[in-house]
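A.B. asks: model the structure of this input:
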Amino acid sequence: MMEQVISLLEANDVKNFQVADKIIAKSIKGAPRFDTPIWPGYNVSITIQITDDEKAAKVVNLLKAFNKENAGTDDELLTVCAWELESYFID
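C.D. replies: Numbering: from 1, shown residues only. Sure, this is the predicted structure:
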């Protein structure tokens, strides 16, 4: 689903994000993903920086809608965490 999420971000003019691939994880919902024969698979982590609060809220709502429309099982749900940044700069 990574490609679909990245497409959603780009379609909504999100220009600043990083992708960490092959993350092993255990979540509240869905099976653990430890990339082993017993717990196959892995997660992907996408970190997004948005300085406009309204745009950030819009993206969070789009990701919630994405879950409702695209997640057929708990294993396919996105986990979304959002918080305000005290400092953000590139210089």
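
A.B. asks: what sits against residue 17?
C.D. replies: By Cβ atoms under 8 Å, 6 or more residues apart in numbering, the contact set of residue 17 is 6, 9, 46-49. Backbone N, C-alpha and C define where each C-beta goes, glycine included.

A.B. asks: who's the residue nearest the centre of the chain bridged to?
C.D. replies: Nearest to the centroid of the C-alpha atoms of the chain, with distances taken as Cα atoms, centre = their mean, sits residue 46, at 4.8 Å. Beta bridges link residue 46 to residue 19 when assigned by DSSP bridges.

A.B. asks: just checking, it touches residue 6?
C.D. replies: Yes - under the contact definition of Cβ atoms under 8 Å, residue 46 touches residue 6, with a separation of 7.3 Å.

A.B. asks: distance to residue 77 added to the contacts of residue 17, as JSON lines?
C.D. replies: JSON lines is the format used below for the contacts of residue 17 (distance: Cβ to Cβ, whole Å):
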{"residue": "6", "distance to residue 77": "17"}
{"residue": "9", "distance to residue 77": "17"}
{"residue": "46", "distance to residue 77": "14"}
{"residue": "47", "distance to residue 77": "18"}
{"residue": "48", "distance to residue 77": "17"}
{"residue": "49", "distance to residue 77": "23"}
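
A.B. asks: hmm, which of these are the buried ones?
C.D. replies: Buried members of those, scored by 16 or more other Cβ atoms under 10 Å, are 9, 46, 48.

A.B. asks: for the first one, give me its contacts.
C.D. replies: It stands for residue 9. 17, 46, 48, 59.

A.B. asks: longest single helix anywhere in this protein?
C.D. replies: Among the segments of the chain that qualify as a helix by DSSP state H, the longest is helix 53-70.

A.B. asks: ok, and what's touching that helix?
C.D. replies: By Cβ under 8 Å, 6+ apart, helix 53-70 touches 1, 4-5, 8-9, 12-14, 48, 50, 76-78, 80, 82, 84.
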